[in-house]
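**Student:** sequence-free structure coming up:
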């Protein structure tokens, strides 16, 4: 019984790790879209920098693009 319980816990940890990694990827994609949107609408570089800071983003967030995601 102990082996079955242990194997189940390992499988559950693997699913949790996959879900967490997927969440991190989605967050990075969303941050990239947000940073590019801010850059597109900012009046100048200073305003862009300030708006990104308010959102907790950087210009580097907007430069990262996911491959095959269309973003």
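**Tutor:** Structure received. Note that the structure is predicted; figures quoted are calculated from it, not measured.
**Student:** going forward, measure contacts between C-alpha atoms and count neighbours the same way
**Tutor:** Noted.
**Student:** can you pull the contacts of residue 39?
**Tutor:** Applying C-alpha atoms under 8 Å, 6 or more residues apart in numbering to residue 39 gives the contacts residue 48.
**Student:** can you tell me the helix or strand for it?
**Tutor:** According to DSSP states H and E, residue 39 maps onto helix 2-41.
**Student:** Only the buried residues of that helix, if you could.
**Tutor:** Using 16 or more other C-alpha atoms under 10 Å as the test for burial, helix 2-41 gives 28-29, 31-36, 38-39.
**Student:** Torsion angles phi and psi at residue 55?
**Tutor:** Torsion angles at residue 55 (phi, psi; degrees, to the nearest 10) stand at phi -90, psi 0.
**Student:** going forward can the numbers begin at 878, since that is how I track them
**Tutor:** Sure thing, new numbering starts at 878, so read that last one as residue 932.
**Student:** Please name the residues that touch it.
**Tutor:** Contacts for residue 932 (C-alpha under 8 Å, 6+ apart) come out as none.
**Student:** any idea how far residue 888 is from it?
**Tutor:** 36 Å (C-alpha to C-alpha, to the nearest Å).
**Student:** Check residue 938 too.
**Tutor:** For residue 938, the distance to residue 888 - C-alpha to C-alpha - is 33 Å.
**Student:** Same check on residue 913?
**Tutor:** On the measure of C-alpha to C-alpha, residue 913 and residue 888 end up 38 Å apart.
**Student:** I'd like the average pLDDT over stretch 927-936.
**Tutor:** Averaged across stretch 927-936, the pLDDT comes to 95.
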